[in-house]
Every structure is written in structure tokens, then in C-alpha cells.
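>>> Just need the structure, nothing else, for what follows:
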Amino acid sequence: MFLFYSFHYPYAEKEEAFVQAMRHFDKVMEQQSGIVFVAPYPFKDPEKGALMGISLWESQEAFQAALPALLNARKDDPSHGWEAKPPEVYMLNSADCTNPVFAKWR
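Numbering: from 1, shown residues only. Below is the predicted model of the structure:
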């Protein structure tokens, strides 16, 4: 499994429109091969003003195969410039669950 998530910091006056842009992007992700789950809405940290998007993929390779379509969906996105600071992007592969350290969770 491969987890892709990001934190975005939209300007307060652009937050609602930014959420709509994230929902559009989520719909594009949902159409990609190898997608397992896309959060149907962004999560919000009200203290930091951050919005978080989450998606789960079958593998990093599946995500990378979908990347051209995902980048293409964002190329004309008006949300560029709507953020107070650059987004934080995280890409995580699942740990080896055959490792004895993880045995208690199996």
C-alpha cells in the first residue's frame, strides 16, 4: 500500500474555493487505476488553517502511473497562488508487515 497525503495552507478568503478545487482533484484521483481510497472531503486543522487531503493506492507504482493524469488535471487549476505557503506533501509506503515487530498487529 502507498499513502499520499498533503497539507495545504489556503488564504482564508480562498479556503472555500480551495476546498472545491481539492474535491475536483479527488474526482480525478478516483478515476485512476490502482486507487484504493480517496477521502471524500479534506480534513481541516483550524489552529493552523491547514487542509489535508488523503489518498491510498495499491502501490507507489500505481500512484506514479497515475501521476501524469493528476498533474494534467492541475495544470489549469485556478488554485495556484491561493496558498499562504507551499503545501507539504508526504508519500509513504507501507511497512513490511512480515517483520516480527509488527506481528502483534496481525
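
>>> Surely Pro78 is within a helix?
No - if the criterion is DSSP: H, G, I helix; E, B strand; the rest coil, then Pro78 is coil and not within a helix.

>>> Please tell me how far it sits from Pro42.
17 Å (C-beta to C-beta, to the nearest Å). Quick note: C-beta positions are derived from backbone N, CA and C, even for glycine.

>>> In the helix or strand Phe37 falls within, which residues are buried?
Element membership for Phe37 (DSSP states H and E) is strand 35-38. Using 16 or more other C-beta atoms under 10 Å as the test for burial, strand 35-38 gives 35, 38.

>>> same deal with stretch 55-71?
Buried, per 16+ other C-beta under 10 Å, within stretch 55-71: 55-57, 60, 62-63, 66.

>>> My guess is Lys14 contacts Trp82. True?
Yes - Lys14 lies in contact with Trp82 (C-beta atoms under 8 Å); the separation is 4.1 Å.

>>> Report the strands that pair with the longest strand along the chain, each with its relative direction.
If you go by DSSP state E, the chain has its longest strand at strand 83-93. With DSSP bridges as the test, strand 83-93 is paired with strand 2-10 (antiparallel).
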